[in-house]
Each structure stands twice: as C-alpha cells, then as structure tokens.
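> What would the 3D arrangement of this be:
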Amino acid sequence: MIPISPNRLIEYDHRANTLILEALSGASDLLHYSDMVNLMGHILNTQKIWLNRITPIEGVRPVFDTYTWEEIGPLFEQSRDVLTRISDHLEQAVTYQNSKGQTYHNTGAEIFEHVIIHGQHHRAQIATRLREAGITPPGTDFIFFSRT
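Just a heads-up that it's a prediction; the model follows:
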C-alpha cells in the first residue's frame, strides 16, 4: 500500500471544509442552518482538541459547544496549522484523556487519521441536512479532490 502524505490529506480536508463553508454561506437564512454551523464548528474545534491532547494549546472549547457563523471563520483559518501540528507527531506515542476523563494511548498517526475521518463524517451529516433543505451539497469525497 502506498500511503497518502499527511500534507495531501490536510489539503483535502481544507478543500472539503471550504466547499461546505461556501455552501453554507450561500444559504439565505443561517439561523435556519444553525445545526450545520454547529457541526462545522465541532469539526474545526475537534481538531484543536486532539492537538491539545498531544501538546497543550490555548483556545480549545468544550467538545459539543455551540457556534455562531462569525466564530467559524477564525477556526477555519487555524485549521491547516492545527492539522500540520498534529501531523508533526505521527510517530509519537500519545497518552491522553477523552472528554469523559478516560485515559487512552494512541499514536499520533492514529490520531491524525481519526481527525481526517471525523471531519468527513460530520461533513456528510451537513450534506444530508443541505439536501433536506433543498440545497445540492458539494462533493467532498477524497476522490473528487484527487481528480482536480
């Protein structure tokens, strides 16, 4: 198997988040889409939560905090750097506590891959909600990114 480089996955994640944010910004009534905004905030904040489990950082919010549209931009702007910092620890053994206080051990590589997959999971939830609202969601699959 030929692994995909962390930098390529970071660029994929950034592009997929960009497409979702563009779809949300085109929505006429963001209050109606607040659950989608919260999911986007959760995706971006969770990246920071995982980095904080590897190396302490500032500005991490609770895992299921709520977000306003205005708060999403700064989180999005930090996202590439946060993912890059996580990818700097791929070989590291990480001991951390989850949001329930349980202790676990994983490698930085496992954490990095989890964060990428986690984002795609919640982007799919947003895509479903967009469809339910009558908006065609953007294609955020990795293969679509790979074709560009």
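> any idea of the mean pLDDT in the longest helix along the chain?
Using DSSP state H to define each element, the chain has its longest helix at helix 108-132. The average pLDDT for helix 108-132 rounds to 96.
> Which residues in the helix or strand bottoming out on mean pLDDT in the chain does the neighbour count mark as buried?
Lowest on mean pLDDT, DSSP states H and E among the helices and strands of the chain sits helix 142-146, with a mean of 93. Buried residues in helix 142-146, counted by 16 or more other C-beta atoms under 10 Å: 142, 145. The C-beta positions use only the backbone N, C-alpha and C, and glycine is treated the same way.
> what's it packed up against?
In terms of contacts (3 or more C-beta pairs under 8 Å, 6 or more residues apart in numbering; DSSP states H and E), helix 142-146 is packed against helix 6-25.
> Quick one: distance of the helix or strand following the helix it packs on to the chain centre.
For helix 6-25, the following helix or strand on the C-terminal side (DSSP states H and E) is helix 34-54. Here helix 34-54 is found 6 Å from its chain centre; the criterion is C-alpha atoms, centre = their mean, to the nearest Å.
> tell me the angle helix 34-54 makes with helix 108-132.
180 degrees (axes from the mean of the first three to the mean of the last three C-alpha atoms, to 10 degrees).
> and helix 34-54, average pLDDT?
96.
> what's downstream of that helix, the next helix or strand?
helix 69-87.
> Could you list every helix and strand in contact with the longest helix of the chain?
helix 6-25, helix 34-54, helix 69-87.
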